[in-house]
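Q: Okay, sequence plus prediction incoming.
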Amino acid sequence: MSAGVEPRDVDAPAARETPGSMAAAGETSGSMADNAGPSSTEPILNIQDLSIAYRTGTGDVRAVRHVDLALHPGEVVGLAGESGCGKSTLAYGALRLLRAPAVITGGSVTYRGRRLKDGELDVLSATPQQLRALRWREIAIVFQSAMNALNPVLRVRDQLLDALDAHLPLRGSEREDRVVELIEMVGIPRARLSSYPHELSGGMRQRVMIAMALAAEPEVVIMDEPTTALDVVVQREILAKIFELRERLSFSVLFITHDLSLLLEIADRVVIMYAGRVVESGAREQIHHRAAHPYTHGLLTSFPRLRGRRVKLSGIPGTPPDLRGALVGCPFIPRCSFATDACATIDMALTPVEPEHLSACPFVTTAQLSGRAPEAAEARPATSGRVAVEAVDLRKRYRLGRRSTVDAVRGVSLELRRGTITALVGESGSGKTTVARLLAGQEQRSGGQILLDGAPIEPASRRGFRAYKSEVQMVFQDPFASLNPLHTVRYHLERALRLHPAPSGQDAGGIDRQLDELLTQVRLTPPEQFRDAYPHELSGGQRQRVAIARALAATPRVLLADEPVSMLDVSIRLGMLDLIEELRRRLDLAVLYITHDIASARYFADEILVMYAGEIVERGPAERVTQQPEHAYTQLLISSAPDPDAFGRQVRETLQEDRPTRDEGRMER
């Protein structure tokens, strides 16, 4: 906390305080505003020396520490970092949207909008009336989870009308005309205005959120993880729509994500946060090709690529630090392969690396980081393992009402071999998860056979099917929902061990010994630190490791992993995939890896099956399918995957042909 700055209630108006010394905090005041963005204009949103803490019984969690960030008119600034680095707290704090126990402990936020009478607004000192006029009319937010952000009992039309009525003085037919204009602007047919949120796909719900955010034509739009958990095809469509609307309406964007590869496609400037502080900032090309901070380099080497040679990904070891109390020196030391003794005492201030490019690491150069050429990935073993589970002509039909049906799975056949990872790839709704649920015995199939060691398995045979479920275990997508929050890790694992007891003579040491072995297998060490922890005390990655340990308690031969990393940070994803790879090798598991990310399938799997509309449309070795795709849908998946070298440039070139002026397309309200 800065000296001389008292905690500030986030909701109540507060007089401007003198910011604490940034030099003392290891930052350079105004550095980002002065060294990035268009020099001919003042920033429309200027955050300076902002600090935010969460008050807890064990000390203040300093979630944001002396951060500067400037957003210029018409600019897209990307804010990246792992979960818990302070990205969302920074954005919500800048609009005073946080609630207790969050407090703003220092800094300033200035908004300069064209429609403001006085030219600028001190947000942290604004009255409730001024904040009401600022939010949504001047600065709007697209929240991360569209299903949670939309009201489930209101139709889309009513929710858009609510946003309009709160901020624009429209009457009669003007309101309805504007609603139709908004929904069609984001690429949704007007007939969908009568739909409820649950009747829309994830991509459509996110488009509705974008339409609501743009209803009053704000100057700034904050997008908080707007494409998280969407498949690559929908993700690309959403990004392209954001690009198109930004060019047409000329709003500025603060785009928050943990996936740096997305920002390298769409952002003008990229800001990297770690442990509540900015550690690097610069133009998109600078961050992409000349990263100067080891943390940024770690993020760049954590996501697999579809193009070029297949390399071994290094990622970022360890976990972020505890933000309670004062952090001396560089907080990245425990995870940094370049760390020296000097890092523990020096103030890591943002300093110029080149024009408009700042880094908080004075010891590592771009040349050092780029000089570490990635190693070639290990050659994959031949898929010669014995078939553990086989699906033959698997079918699943759901009945919708009395007369309507939908065929979710149509004639799917596949083999899962010991020691082999098979990836089932496709967008949401393609039938991937339904196949996994059929194989796990959680859904009753409408047709086809499931064979275990060549013998048919029937759900009606309770004894035989229980033995089958010991052989085939499933890891679910959401690590936050798959564990009971009322019970400890010990309870979850002990229950699985008792349901699937080891054969006589193989349980030496009892339950406690087996429990510790499971935790060690999934790299949760020392075991005593995790045995009696509750799910809410664990990170997302740690929860998913517990879920994997629970599956391994049955000593299965087949592991069905349903999108096991889609809700995790990019750096944590890599560690989780490497863990499953290690378990595959050590335990000779047959793994079915279900994902919408074909790039991770190339990195991780031996074989890829591409699924579309309930059918497998292409299959083959992972490298062949990704580098020489034959089916049009496989080609679409590959072209939709994040590609910093192509996507943003292609969209910009398309829009450049007919770019409007700043005031074109804006309504006067």
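A: Happy to help now that I have it. Numbering: from 1, shown residues only.
Q: Strands along the stretch 201-350 of the chain, start to end?
A: Using DSSP state E, counting those that start in this stretch, the strands found in the stretch 201-350 of the chain span residues 220-224, 252-257, 269-274, 277-283.
Q: now those as a markdown table including mean neighbour count and mean pLDDT?
A: All C-beta spots, glycine's among them, are computed from the backbone N, C-alpha and C. Output for these, formatted as a markdown table (neighbours: other C-beta atoms under 10 Å; pLDDT from 0 to 100):
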| stretch | mean neighbour count | mean pLDDT |
| --- | --- | --- |
| strand 220-224 | 24 | 94 |
| strand 252-257 | 24 | 94 |
| strand 269-274 | 27 | 96 |
| strand 277-283 | 26 | 96 |
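Q: can I get those in JSON lines with distance to residue 148?
A: Shown next, in JSON lines, are those (distance: least, C-beta to C-beta, whole Å):
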{"stretch": "strand 220-224", "distance to residue 148": "12"}
{"stretch": "strand 252-257", "distance to residue 148": "16"}
{"stretch": "strand 269-274", "distance to residue 148": "24"}
{"stretch": "strand 277-283", "distance to residue 148": "29"}
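Q: and the gap between residue 532 and residue 48?
A: 44 Å (C-beta to C-beta, to the nearest Å).
Q: which residues of the chain score low on pLDDT?
A: Within the chain, the ranges that satisfy pLDDT under 70 run 1-40, 146-147, 229, 372-384, 459-463, 502-509, 643-669.
Q: centroid residue for it?
A: Centroid-nearest residue in the chain: residue 228, 4.5 Å away (criterion: C-alpha atoms, centre = their mean).
Q: And the closest residue to that residue other than its chain neighbours, how close does it get to residue 92?
A: Leaving aside its sequence neighbours, residue 228 sits nearest to residue 144 (C-beta to C-beta, 6 or more residues apart in numbering; 5.9 Å). Taking C-beta to C-beta as the measure, residue 144 falls 11 Å from residue 92.
Q: same check, this time on residue 640
A: Applying C-beta to C-beta, the value for residue 640 to residue 92 is 30 Å.
Q: How about residue 539?
A: 21 Å.
Q: cool, and residue 294?
A: Between residue 294 and residue 92 the distance is 28 Å, computed by C-beta to C-beta.
Q: what does residue 157 give?
A: 28 Å.
Q: again, but for residue 209
A: Distance from residue 209 to residue 92, counting by C-beta to C-beta: 16 Å.
Q: the more surrounded of those two?
A: Between residue 209 and residue 92, counted using other C-beta atoms under 10 Å, the more crowded position is residue 209 (25 against 18).
Q: Surely that one is in contact with residue 143?
A: Yes: counting by C-beta atoms under 8 Å, residue 209 touches residue 143, with 6.5 Å between them.
Q: who touches both of the two?
A: Here residue 209 and residue 143 have residue 149 as joint contacts, going by C-beta atoms under 8 Å, 6 or more residues apart in numbering.
Q: Number of residues surrounding the residue lying closest to residue 301 once chain neighbours are set aside?
A: Residue nearest to residue 301 in three dimensions, not counting chain neighbours: residue 314, with 4.8 Å by C-beta to C-beta, 6+ apart. Number of residues near residue 314 (other C-beta under 10 Å) recorded here: 16.
Q: thought residue 314 was touching residue 294?
A: No: checked against C-beta under 8 Å, the pair residue 314 and residue 294 is beyond contact range at 10.8 Å.
Q: Need the overlap of contacts for those two.
A: Counting by C-beta under 8 Å, 6+ apart, residue 314 and residue 294 have no contacts in common.
Q: thinking again about what came up before, what residues are up against the residue nearest to residue 228?
A: Neighbouring residues of residue 144 by C-beta under 8 Å, 6+ apart: 88, 224-226, 228.
Q: closest to residue 217 among those residues?
A: residue 226 (18.3 Å; C-beta to C-beta).
Q: Show me what the closest residue to that closest one other than its chain neighbours is bridged to.
A: In this structure, residue 226 finds its nearest non-sequential neighbour in residue 142, 4.9 Å apart by C-beta to C-beta, 6+ apart. Taking DSSP bridges as the rule, residue 142 bridges to residue 223.
Q: Pull up the gap between residue 142 and residue 516, please.
A: Residue 142 is 44 Å from residue 516, where distance means C-beta to C-beta.
Q: What of residue 410?
A: Taking C-beta to C-beta, one finds residue 410 at 45 Å from residue 516.
Q: same thing with residue 291?
A: Separation of residue 291 from residue 516 (C-beta to C-beta): 40 Å.
Q: So for the two, which sits in the more crowded spot?
A: Counted by other C-beta under 10 Å, residue 291 and residue 516 do not tie: residue 291 has more neighbours, with 27 against 19.
Q: how far away is the residue nearest to residue 300 when sequence neighbours are not counted from residue 425?
A: Leaving aside its sequence neighbours, residue 300 sits nearest to residue 291 (C-beta to C-beta, 6+ apart; 5.9 Å). Using C-beta to C-beta, residue 291 is found at 29 Å from residue 425.
Q: Tell me where the stretch 51-200 of the chain has strands.
A: Using DSSP E, counting those that start in this stretch, the strands of the stretch 51-200 of the chain run over residues 61-71, 76-80, 102-111, 121-122, 139-142.
Q: will you turn those into a markdown table that also has mean neighbour count?
A: Output for the strands of the stretch 51-200 of the chain, formatted as a markdown table (neighbours: other C-beta atoms under 10 Å):
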| stretch | mean neighbour count |
| --- | --- |
| strand 61-71 | 26 |
| strand 76-80 | 26 |
| strand 102-111 | 22 |
| strand 121-122 | 18 |
| strand 139-142 | 25 |
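Q: looking at these, which is closest to residue 328?
A: strand 61-71 (12.4 Å).
Q: Strand 220-224 and the closest one, what's the angle between them?
A: Counting by axes from the mean of the first three to the mean of the last three C-alpha atoms, to 10 degrees, strand 61-71 lies at 140 degrees to strand 220-224.
Q: Can you dump the C-alpha atoms of strand 61-71 in PDB for me?
A: Provided in PDB are the C-alpha atoms of strand 61-71 (Å, rounded to 0.1, in the frame of the first residue of the first chain):
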ATOM      1  CA  VAL A  61      -4.200  -9.500  -0.900                       C
ATOM      2  CA  ARG A  62      -2.600  -6.900  -3.100                       C
ATOM      3  CA  ALA A  63      -4.200  -7.800  -6.300                       C
ATOM      4  CA  VAL A  64      -3.200  -4.700  -8.300                       C
ATOM      5  CA  ARG A  65       0.000  -2.900  -7.400                       C
ATOM      6  CA  HIS A  66       0.900   0.500  -8.900                       C
ATOM      7  CA  VAL A  67      -0.400  -0.200 -12.400                       C
ATOM      8  CA  ASP A  68      -0.300   2.400 -15.300                       C
ATOM      9  CA  LEU A  69      -2.400   1.700 -18.400                       C
ATOM     10  CA  ALA A  70      -3.400   4.100 -21.200                       C
ATOM     11  CA  LEU A  71      -6.100   3.400 -23.800                       C
END
